[in-house]
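*Asks:* No letters, just coordinates:
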Ligand SMILES: Nc1ncnc2c1ncn2[C@@H]1O[C@H](COP(=O)(O)OP(=O)(O)OP(=O)(O)O)[C@@H](O)[C@H]1O
Ligand SMILES: CCCCCCCCCCCCC/C=C/[C@@H](O)[C@H](CO)NC(=O)CCCCC
Ligand SMILES: [Ca+2]
């Protein structure tokens, strides 16, 4: 195959002549008219080539092509500053049109052969209202021209309502698509996640509501173009919030598996989460922030302060199923980086019969059901917060995240228990998230690597919740009253969850936030709410289970920033990535 693809000839870049050669995995060109010692070679891995097009192509601010006979333009992804990627573009001139066509054909074949996960056709959902409301602009000015250069055809849907993307993925024909891209924030990602997981289970005839079922991994990749408020999933899987870097990861078909946590109440599936399932502080911040959506991304800072000052803690019983402590630990001070060994070993455990990840969904064995179950541990007390995260959940506010040593794809989650403590100690815990100081090195904080978690209220508390809801029900009217009636009338939990999901379009947050406030006007509320990747859950008692590598993103995890920094000094190891060219 390598010999078929090999091509060698003279080419010009500007007015300099080069000897160019396409050999297997690399395209290299060397200055031709210099003495041997002075000859510089640029070597571009085929895997990093974005696209090849005949003519002289300009990309930004809009793509334009000057259709000349002997020229072709090559684009490649290159790292500019650490994790930030940009498009490198080179215009080559050939001695003849025939040779030019040979070069473009060979390069295109090499791309197909060496990067099988490159998408050809993508379904793109743009949330025009996420974050700073720039989704459309970001896509059309920064991403679409790159997709065009890469020869990707995309079907773009600008959403007109919440849950449109989820519903589309659950019901519409997805034949021919290689992946789904969401332009928006974590909420938009969550819609795509729910749509794709739901669709995959439907097609596999699996029952999502049963926490014991081994779910089928999704065949379509998910790409995230960040345009939201927190963009935690993008930050934790790419390392930067940058639409161009994310677009380039999508184009070259990078693939990053991701663990997913399913959240259940009684016999219902409530939601899926990849980032945060948080009770107490994080639930209260979200409930408070929903009242201030108009503030945009700043609403979290404002609400964080309000909730911190309200100084709350909550009673609860937490039971958890520890993961194998021999594999890794949330306190081992390692980071999950690109090519992470812990995650790779997990891939081998989860998919023992597949050598390439391209066909992983044909034999999925869950870590949870494969391993011997182990012993559940139970703790009870008052907590400032209880958080479960499948990954580090790093974001701009907290660059190392909720659990800095968590892994993206190891089939486990980290359970963080923050016991009730003095307000200043809790502030110290929160503050440490913003620096490199260890937030787990505090006497009132525990962290456990787990496969499943159950949260329940101590005896009698459930009654207090219902009293609170009853009181609130009398105080409020219209939509909220109907909702609370549904909660108290509906015997079937299945129907209850369904009615809640349907109501998301009517903004269920309006109902839960006042529940919290209704309770807190009189006394400190007995219960908090669960924040599930930025959505409030309608239940307090939940069961969570981690599903290893249930979805795959067009990303490659965090590349070692230190290595990338060395790039600027052109260390030997990174030389091929570092040579800059126009
Ligand atoms: N056209 C639309 N109108 C109203 N809501 C929408 C629309 N499209 C999507 N949504 C909903 O908007 C919510 C928030 O969107 P998104 O996640 O993109 O931005 P964000 O909340 O600002 O960012 P983050 O989730 O990162 O904090 C999502 O839960 C999504 O379901
Ligand atoms: C004195 C300084 C105090 C600073 C405290 C900083 C603590 C930051 C921890 C960051 C945790 C991010 C967790 C990610 C959650 C997302 O899945 C979710 C959806 O976007 N975002 C929120 O719920 C938004 C809610 C974010 C809560 C902060
Ligand atoms: Ca994990």
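*Replies:* Received the coordinates, thanks. Predicted model only: the values in this text are computed from it and were never measured. Ligands and ions are numbered 1, 2, ... in the order given.
*Asks:* Would you mind giving me the confidence score for residue 297?
*Replies:* According to the prediction, residue 297 has pLDDT 85.
*Asks:* could you measure it against residue 401, distance?
*Replies:* Distance from residue 297 to residue 401, counting by Cβ to Cβ, to the nearest Å: 18 Å. Quick note: C-beta positions are derived from backbone N, CA and C, even for glycine.
*Asks:* Could you check which of those two is surrounded by more residues?
*Replies:* Using other Cβ atoms under 10 Å as the criterion, residue 297 and residue 401 rank with residue 401 on top: 24 against 16.
*Asks:* so which strand or helix has the closest residue to residue 334 other than its chain neighbours?
*Replies:* Distance criterion Cβ to Cβ, 6 or more residues apart in numbering; nearest residue to residue 334, sequence neighbours excluded, is residue 405 at 5.4 Å. For residue 405, there is no host helix or strand (DSSP states H and E).
*Asks:* Enumerate every residue touching residue 405.
*Replies:* 328, 329, 330, 331, 332, 333, 334, 335, 336, 392, 414 (Cβ atoms under 8 Å, 6 or more residues apart in numbering).
*Asks:* so the third one, which of the three states?
*Replies:* Of the three states, residue 330 takes coil according to DSSP: H, G, I helix; E, B strand; the rest coil.
*Asks:* in the stretch 301-450 of the chain, which spans are strands?
*Replies:* Using DSSP state E, counting those that start in this stretch, the strands of the stretch 301-450 of the chain run over residues 314-322, 377-389, 413-419, 445-456.
*Asks:* Out of those, flag the one nearest residue 98.
*Replies:* Counting by Cβ to Cβ, residue 98 lies closest to strand 377-389 out of the strands of the stretch 301-450 of the chain; the figure is 56.7 Å.
*Asks:* ok, the closest one near ligand 3 or not?
*Replies:* No - Strand 377-389 lies apart from ligand 3 when judged by Cβ under 5 Å from the ion; the minimum separation is 8.0 Å.
*Asks:* Report the buried residues of that strand.
*Replies:* Neighbour-count burial for strand 377-389 flags 379, 383, 384, 385, 386, 387, 388, 389 (criterion: 16 or more other Cβ atoms under 10 Å).
*Asks:* One more: stretch 166-184?
*Replies:* Buried residues in stretch 166-184 (16+ other Cβ under 10 Å): 166-170, 174, 177-184.
*Asks:* Let's have those in a markdown table, adding secondary structure, pLDDT and distance to residue 551.
*Replies:* A markdown table is the format used below for those (DSSP: H, G, I helix; E, B strand; the rest coil; pLDDT from 0 to 100; distance: Cβ to Cβ, whole Å):
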| residue | secondary structure | pLDDT | distance to residue 551 |
| --- | --- | --- | --- |
| 166 | helix | 98 | 14 |
| 167 | helix | 98 | 18 |
| 168 | helix | 98 | 17 |
| 169 | helix | 98 | 12 |
| 170 | helix | 98 | 15 |
| 174 | coil | 97 | 15 |
| 177 | coil | 98 | 15 |
| 178 | coil | 97 | 14 |
| 179 | strand | 98 | 11 |
| 180 | strand | 98 | 10 |
| 181 | strand | 98 | 14 |
| 182 | strand | 98 | 12 |
| 183 | strand | 98 | 18 |
| 184 | strand | 97 | 17 |
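*Asks:* Look at stretch 389-409 and report the distance between its end residues.
*Replies:* Its start and end residues considered, stretch 389-409 measures 12 Å (Cα to Cα, to the nearest Å).
*Asks:* Isn't residue 349 up against residue 411?
*Replies:* Yes - assessed by Cβ atoms under 8 Å, residue 349 is found in contact with residue 411 at 7.4 Å.
*Asks:* more neighbours, these two?
*Replies:* Taking other Cβ under 10 Å, residue 349 and residue 411 do not tie; residue 411 has more neighbours (29 against 18).
*Asks:* Could you pull up the contacting residues of residue 377?
*Replies:* Contact analysis of residue 377 by Cβ under 8 Å, 6+ apart lists 319, 320, 321, 322, 448.
*Asks:* mind putting those residues in a markdown table, distance to ligand 3, pLDDT and neighbour count included?
*Replies:* Below are the contacts of residue 377 laid out as a markdown table (distance: Cβ to the ion, whole Å; pLDDT from 0 to 100; neighbours: other Cβ atoms under 10 Å):
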| residue | distance to ligand 3 | pLDDT | neighbour count |
| --- | --- | --- | --- |
| 319 | 19 | 98 | 16 |
| 320 | 14 | 98 | 22 |
| 321 | 14 | 98 | 21 |
| 322 | 14 | 97 | 16 |
| 448 | 13 | 98 | 23 |
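*Asks:* right, and out of the residues you listed, which lies closest to ligand 2?
*Replies:* Closest approach between the contacts of residue 377 and ligand 2, by Cβ to the nearest ligand atom: residue 448, at 18.1 Å.
*Asks:* Looks like the closest one contacts residue 406 (just checking).
*Replies:* No - the pair residue 448 / residue 406 is not scored as a contact, 11.5 Å apart, by Cβ under 8 Å.
*Asks:* Overlap in contacts, these two.
*Replies:* Shared contacts of residue 448 and residue 406 (Cβ under 8 Å, 6+ apart): 330, 414.
*Asks:* would you list the buried residues of strand 377-389 in TSV and tack on distance to ligand 2?
*Replies:* TSV is the format used below for these (distance: Cβ to the nearest ligand atom, whole Å):
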residue	distance to ligand 2
379	22
383	16
384	12
385	10
386	14
387	8
388	11
389	8
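*Asks:* Residue 190: which of these is nearest?
*Replies:* Closest to residue 190, out of all of the buried residues of strand 377-389 and judged by Cβ to Cβ, is residue 389, at 14.4 Å.
*Asks:* give me every residue that touches that closest one.
*Replies:* Residue 389 neighbours (Cβ under 8 Å, 6+ apart): 275, 276, 277, 401, 402, 403, 406, 413, 414, 416.
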